[in-house]
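>>> Show me how the following folds:
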Amino acid sequence: MEKLIEKAGVLIEALPYIRRFAGKSVVVKFGGNAMADDSIIEGVVTDVVLMKYVGMNPVLVHGGGPAISAELRRRGVEPKFVEGLRVTDEETMRVVEAILVGQINTGIVRKVNVAGGRGVGVSGADGGLVKARRAHPVSRETGEAVDIGFVGEVTSIDHTLLRVLEGNGFIPVVAPLGADEAGCVYNVNADEVAGRIAASLKAEKLVILSNVPGVMRGKEVLSHLTVDAAGEMLESGEVTEGMIPKLRAGIAAVQGGAAKCHIVDGRIPHSMLLEIFTDAGVGTEIVA
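Reported below is the predicted structural model:
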C-alpha cells in the first residue's frame with residue numbers, strides 16, 4: 001500500500017506542471033551518443049508520447065552523427081571534421097540524407113506509433129521548415145573561412161507545418177536538414193535546428209538530451225544558468241566539444257522567445273519527465 005501511495009504522490013506533484021504546460025510546445029533534441037541503444041530510444045519515445053497525452057505538444061528533433069560516420073567507414077570513407085562540423089561532399093551528403101531520413105527518422109516514427117502516438121517524419125527541407133545557407137566556419141589554426149561542402153547554418157524557420165501537425169494530434173519527428181532558396185539541401189547541426197525551432201515556436205521548453213548529467217563545473221552539475229552566464233562559459237572556453245553547440249542552442253532558444261532550455265542526461269530512464277514534472281529536476285536549466 002505504501003508504494004501505491006508513493007506513486008499517487010508522484011502524480012500529485014506532477015499535476016501543477018501538467019496544468020501549466022497543457023497546450024504548450026516542447027522541443028526535444030535527441031541524438032548522438034544519447035541514442036546508444038534501442039532501450040534508450042524507446043524510453044525517450046515513451047516519454048514524448050506521454051507528454052502528448054497529457055496535453056503538451058512535443059516536437060522531436062534527432063541527430064545521427066555516429067550512424068553517419070559508421071556508414072561512411074563501411075564504405076571506406078574516413079569522416080573529416082573542421083571546427084566540429086562534418087566535411088560534407090556530394091557522396092557524404094547522400095549518406096547523410098539516407099541515414100537521417102531513410103533510417104533514423106523512419107525508425108523513430110515507427111517507435112512513436114508503437115508507443116501509442118501518431119508520429120510523422122519531417123525533414124527540415126520539407127515545407128520550407130528550415131531555411132539554410134552554406135556554412136563557412138573559421139579555422140582556429142589559420143583564421144580563415146573554410147569551405148566544408150554541404151553543411152548549412154540556419155537562416156530562418158517557418159513552423160507552419162509543425163503547427164498543422166501539432167493541431168491535428170501528430171508528433172513531428174524532424175531530421176536536421178535545411179534548404180536554400182535554390183533548393184540545395186544542407187546538413188545542419190541538430191542542436192542548432194532544435195534551438196531555432198524552439199525559438200520560432202516560442203516553446204515552453206527546449207529539452208536537449210545528452211550523454212552527460214548537464215552543464216558541468218568540475219564535478220558539479222550546474223542546475224541553473226542564465227543566458228549571460230552560459231555565454232560567459234562559452235567565451236571563456238570553460239565548456240568544450242559537444243557541450244558547445246548545446247549551450248549555443250539553449251541560448252538561441254531562450255533569446256528567441258522560448259521560456260527555458262533544459263540539458264539532461266538522456267541515458268537516465270525518464271530523465272526528461274523528472275526535469276519537467278518534478279520540483280527538483282535532474283539536469284541544467286537555462287533561463288533568460
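
>>> in the chain, what spans have low per-residue confidence?
1-10, 32-36, 139-141, 279-281 (pLDDT under 70).

>>> Quick one: the helices in the stretch 51-200 of the chain, in order.
65-74, 90-97, 106-114, 160-167, 190-201 (DSSP state H, counting those that start in this stretch).

>>> do you know which of these lies nearest Asp147?
With C-beta to C-beta, the closest approach to Asp147 among the helices of the stretch 51-200 of the chain belongs to helix 90-97: 13.4 Å. (C-beta placed from N, C-alpha, C; glycine too.)

>>> Please save the CA atoms from that closest one in PDB.
Extracted as PDB, the C-alpha positions of helix 90-97 are listed here (Å, rounded to 0.1, in the frame of the first residue of the first chain):
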ATOM      1  CA  GLU A  90      28.300  15.100 -52.500                       C
ATOM      2  CA  GLU A  91      29.000  11.500 -51.600                       C
ATOM      3  CA  THR A  92      28.800  12.200 -47.900                       C
ATOM      4  CA  MET A  93      25.600  14.300 -48.300                       C
ATOM      5  CA  ARG A  94      24.000  11.300 -50.000                       C
ATOM      6  CA  VAL A  95      24.900   9.200 -46.900                       C
ATOM      7  CA  VAL A  96      23.700  11.900 -44.500                       C
ATOM      8  CA  GLU A  97      20.300  12.000 -46.200                       C
END
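
>>> surely Ser200 meets Arg163?
No. Taking contact to mean C-beta atoms under 8 Å, the distance of 10.0 Å between Ser200 and Arg163 leaves them out of contact.

>>> Verify the stated contact: Glu166 with Leu60.
No. With contact defined as C-beta under 8 Å, Glu166 does not reach Leu60; the gap is 12.0 Å.
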